[in-house]
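A.B. asks: next one to model:
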Amino acid sequence: MKTFSYKKGIPGFRFSGIAGGLKKNGKKDIGLILADAPCAAAAAFTKNIVKAAPVIIGQKRLKSGMAQAVLVNSGNANACTGAQGIIDCETASAALAQELGIRQGLVVPSSTGVIGVPLPVGKLVAGVPALVKHAASGALSEFSDAIMTTDTFPKIVALQDSIDEHTIKVCGVAKGAGMIMPDMATMLSYIVTNASIERKLLASLVREKVELTFNRISVDGDMSTNDTVLVLASCKSKPLISSAKSASYKTFSNLIYEVMKRLARLIVQDGEGATKLLLINVRNAKTAAQAKQAAMTVANSPLVKTAFFGQDYNWGRIMAALGRSGAQFDMTEVDIFFNGLQSVHNGQGVTKNIGRLKKIMEKNCIEIAMDLKAGTKSCEVTTCDLSYDYVKINADYTT
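C.D. replies: Numbering: from 1, shown residues only. Predicted coordinates for the structure are as follows:
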């Protein structure tokens, strides 16, 4: 497995991004992913019962397991916009389908931005011709720019490996910096590959890897209305992957997992106002569910997150979060480590390490490992600290 230059493109796909006037700052806000032909497609969406119009439509269209185009706008979530939001979403995707000469059902819509504001669908429709005209195989960065909101940098990962002497490429792009919490986050992520894989197998793979990556990150504990992870396979390369037991499936599965994992970490690294990347690792929990529950509770604790922002060595907040997580353990047996250095032994502080632990708190990336000694299951969640800037960014998001 190694990286490759996404600027050279992925066989079977083109991209574009334009400024359509949805954002007040005049930046790019409409993006397009276009496949040369209908391809295998699988997705995971937000579990929030308040779903944006494009999520509702995307879920219906992707039941076929096929797609050819992805139309994304930023600056407006098209969520909580009633029946008109559905109509506007369908109008925009119909305009793209007509421009491309394809079935409307092959267009997957996505939106991100402010909730509750009517979608300026006229601007989307007006931008479609330019969007299609400028689509190019090496223009993924243009697409990436178009889907960002409060992101401070583009998030693109490109990896390749060989299957039966054929080069398999997997390239992913994501946006997201706030309202980040499983299942999944206020995030959009699109992954394209030249691999050939059966649709049902792809759908199963996406569900499995999303759970292990995008569903294990958190910035602020809020779940969005628009979350989407979409994988498109152009089937431009051999061999056909048709069995989960095959060596080719294992190689491809590892590629998908690694791309998702790296994208998920980039999202947390770019968390709104974040200054530290925190790796929350729960070990030896009684069950897998309890391991995840404990890890997520610590990751989402405002007291834990603000302590790390302030570089305040306060392991008591971690213990308190573990205790209210619902995981079953004996508090007198818990060990906690910061970057491998023990801070808690059998539920009590290790005073001899305080000096070195305070130095660790100054680092930009910190692993917090918690051994519950209650079983054999583990879970790692990626999160970040909670800073003054997070409050500033979200206090006036719509104003």
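
A.B. asks: now the longest strand along the chain: mean pLDDT?
C.D. replies: The residue-count maximum for a strand in the chain (DSSP state E) belongs to strand 30-45. Across strand 30-45, pLDDT averages out at 96.

A.B. asks: give me the buried positions along stretch 141-154.
C.D. replies: For stretch 141-154, the neighbour count (16 or more other C-beta atoms under 10 Å) marks Glu142, Phe143, Ser144, Asp145, Ala146, Ile147, Met148, Thr149, Thr150, Asp151, Pro154 as buried. Any C-beta I mention is one placed from the backbone N, CA and C, and that applies to glycine too.

A.B. asks: can you redo those residues as CSV with secondary structure, distance to Gly82 and pLDDT?
C.D. replies: Shown next, in CSV, are these (DSSP: H, G, I helix; E, B strand; the rest coil; distance: C-beta to C-beta, whole Å; pLDDT from 0 to 100):
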residue, secondary structure, distance to Gly82, pLDDT
Glu142, helix, 32, 97
Phe143, helix, 29, 98
Ser144, helix, 31, 97
Asp145, helix, 30, 96
Ala146, helix, 26, 97
Ile147, helix, 24, 95
Met148, coil, 27, 91
Thr149, coil, 23, 85
Thr150, coil, 26, 78
Asp151, coil, 28, 86
Pro154, coil, 33, 93
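
A.B. asks: list just the nearest of those to Asp385.
C.D. replies: Thr150 (16.4 Å; C-beta to C-beta).

A.B. asks: which phi and psi values does the closest one adopt?
C.D. replies: phi -90, psi 10 (degrees, to the nearest 10).

A.B. asks: same question, Arg14
C.D. replies: phi -130, psi 160.

A.B. asks: am I right that Leu303 is in a helix?
C.D. replies: Yes: checked against DSSP: H, G, I helix; E, B strand; the rest coil, Leu303 lies within a helix.

A.B. asks: so Val114, which of the three states?
C.D. replies: Going by three-state DSSP: Val114 is coil.

A.B. asks: state the pLDDT value of it.
C.D. replies: 84.

A.B. asks: is it in contact with Asn76, as I believe?
C.D. replies: Yes: if you go by C-beta atoms under 8 Å, Val114 and Asn76 touch, sitting 6.2 Å apart.

A.B. asks: from Ile256, how far off is Leu205?
C.D. replies: 6 Å (C-beta to C-beta, to the nearest Å).

A.B. asks: Val114 and Asn76: which is more packed in?
C.D. replies: Asn76 (26 against 13; other C-beta atoms under 10 Å).

A.B. asks: and for the closest residue to the more buried one other than its chain neighbours, the neighbour number?
C.D. replies: Distance criterion C-beta to C-beta, 6 or more residues apart in numbering; nearest residue to Asn76, sequence neighbours excluded, is Gly113 at 4.4 Å. Neighbour count of Gly113, defined by other C-beta under 10 Å: 23.

A.B. asks: who's in contact with Gly113?
C.D. replies: Leu22, Asn73, Ser74, Gly75, Asn76, Ala77, Thr149 (C-beta atoms under 8 Å, 6 or more residues apart in numbering).

A.B. asks: scan those residues and report the most crowded one.
C.D. replies: That'd be Asn73 among those, by other C-beta under 10 Å, with 29 neighbours.

A.B. asks: name the SS class of that residue, please.
C.D. replies: Asn73 - assigned by three-state DSSP - is strand.

A.B. asks: okay, stretch 350-361 in PDB with CA atoms only?
C.D. replies: Extracted in PDB, the C-alpha atoms of stretch 350-361 (Å, rounded to 0.1, in the frame of the first residue of the first chain):
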ATOM      1  CA  VAL A 350       0.800   7.900  40.300                       C
ATOM      2  CA  THR A 351       2.400  11.000  41.900                       C
ATOM      3  CA  LYS A 352       5.900  10.200  40.900                       C
ATOM      4  CA  ASN A 353       5.100  10.800  37.200                       C
ATOM      5  CA  ILE A 354       3.300  14.100  37.600                       C
ATOM      6  CA  GLY A 355       6.200  16.200  36.300                       C
ATOM      7  CA  ARG A 356       6.600  14.200  33.100                       C
ATOM      8  CA  LEU A 357       2.800  13.900  32.700                       C
ATOM      9  CA  LYS A 358       2.600  17.700  32.700                       C
ATOM     10  CA  LYS A 359       5.100  17.900  29.900                       C
ATOM     11  CA  ILE A 360       3.000  15.400  27.900                       C
ATOM     12  CA  MET A 361       0.000  17.700  28.200                       C
END
